[in-house]
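1. give me a 3D structure for the following:
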Amino acid sequence: MAGTMQRFVEGGTFFEGPRWKDGHWWVSDFYSHAVSKISPDGHMETVCEVPGQPSGLGWMPDGSMLVVSMLDHRVLRCWPDGRIDTHADLSEFATGHANDMVVAEDGTAWVGNFGFDLMAGADLHPASLVRISPEGSVSLAADDLYFPNGAVITPDNKSLIVGETFGNRMTTFTIADDGELTDRRAWAAFGPRPDPGPRAELLNQLEVGPDGCCLDAENHLWIADAFNQRCIRVAPGGDIVDEVKTPDGQGIFACMLGGEDGRTLLMCVAPDSSAKRRSQVREASLWTARVDVPHAGRP
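-> You can find the predicted model right below:
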């Protein structure tokens, strides 16, 4: 069972992409355009700035950091000496803001995108998941996904699980030896897959809106449920076995297990996900809770 939520860091615009690496938390802040690392005692240091709005984070085998640049559909490579290069251009495949990312041990990355203009209230259109080779070449990994969002790779490096925020499900693929995704199937189904259409009608059909997620050592997922102000622990198949909520009922939009023992659950919290409102103020925060089962897999 998860322990009581504790406020950890305040003053962000909209935190996303939390990760644990090298004894620090790492996080993107959309509207301050900053990627920061945070010490266990809460000291925050900006590592790089991404004018195109940072989101998903990951690391290459050589230690350089990949950062999704949402608005210009790029993945940037940030080097320890401060250099920032374009690692990959997703423009051929991204039909909405580029979003979250998971990076495999060999540097292969998978990146999702919105698929439509979410912030303008456009109707849902299915989107693609893009594969980026370690060298930076881009190819289509999977299509017809309803807002592919947070993703994980299992510890054996043989499966990728991705949340479909507007699809009522977590979808999994087998990772073939050549890096292609095969054998698409539901890892967890929370309800029927809605038909594309107006957002208001979609929201009425969704039991869970999977956003950022992470895997634990019992093959359960912690998932930020973007539409229900909670973070849930889900068993394969879709049973919800635990949940945490902020004391003031704010939204939880991403999560990650970390800390030295892998049993600290970090959550990205904000009053809502509106770009117009979040970019005007600094009301986002990071919260933590202790859990029994440690982190597994990637990220």
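
2. specify the local secondary structure of the residue of the chain positioned farthest from its centre.
-> In terms of distance from the mean C-alpha position of the chain, residue 81 ranks first, at 26.2 Å (CA atoms, centre = their mean). Under DSSP: H, G, I helix; E, B strand; the rest coil, residue 81 falls in the coil class.

3. tell me where the stretch 1-150 of the chain has strands.
-> Applying DSSP state E, counting those that start in this stretch to the stretch 1-150 of the chain gives strands spanning 6-12, 15-21, 24-29, 34-38, 44-49, 54-59, 65-69, 74-78, 84-89, 98-103, 109-113, 127-132, 138-145, 148-153.

4. just want the angle from the first one to strand 34-38.
-> Which is strand 6-12. 150 degrees (axes from the mean of the first three to the mean of the last three CA atoms, to 10 degrees).

5. check which helices and strands strand 6-12 sits against.
-> Helices and strands touching strand 6-12, by 3 or more CB pairs under 8 Å, 6 or more residues apart in numbering; DSSP states H and E, are strand 284-290. Every residue, glycine included, has its C-beta placed from N, CA and C.

6. do the same with the fifth one
-> With contacts defined as 3+ CB pairs under 8 Å, 6+ apart, the packing partners of strand 44-49 are strand 34-38, strand 65-69, strand 74-78.

7. those strands: which one's closest to residue 253?
-> Smallest distance to residue 253 across the helices and strands packed on strand 44-49 (CB to CB): 15.0 Å, for strand 65-69.

8. who touches that closest one?
-> Strand 65-69 is contacted from outside by 17, 26, 28, 35, 47-48, 50-60, 74-78, 87, 98-101, 103, 109, 111, using CB atoms under 8 Å, 6 or more residues apart in numbering.

9. now swap in stretch 224-241 and tell me
-> Residues outside stretch 224-241 that contact it (CB under 8 Å, 6+ apart): 2, 150, 165, 169-170, 187-190, 203, 206, 208-213, 216, 219-223, 242-246, 249-255, 265, 267-268, 273, 291.

10. ditto for stretch 136-149
-> 87-90, 92-93, 99-100, 110, 112-115, 118, 124, 126-133, 162-167, 171, 173, 180-181, 184, 193-194, 196, 210-212.

11. one more: stretch 152-164?
-> 102, 104-105, 110, 112, 129, 145-151, 169-175, 181, 187, 210-211, 213-215, 219, 221, 223, 296-299.

12. quick check on these: which are buried?
-> 102, 104, 110, 112, 129, 145-151, 169-173, 175, 181, 187, 210-211, 213-215, 219, 221, 223, 296-299 (16 or more other CB atoms under 10 Å).

13. what ranges do the helices span in the stretch 151-299 of the chain?
-> Secondary structure of the stretch 151-299 of the chain (DSSP state H, counting those that start in this stretch): helices located at 199-203, 275-278.

14. ok now stretch 144-163, how far from the chain's centre?
-> Put simply, stretch 144-163 sits 10 Å off its chain's centre (CA atoms, centre = their mean, to the nearest Å).

15. and what of stretch 140-158?
-> Computed by CA atoms, centre = their mean, the separation of stretch 140-158 from the middle of its chain amounts to 11 Å.
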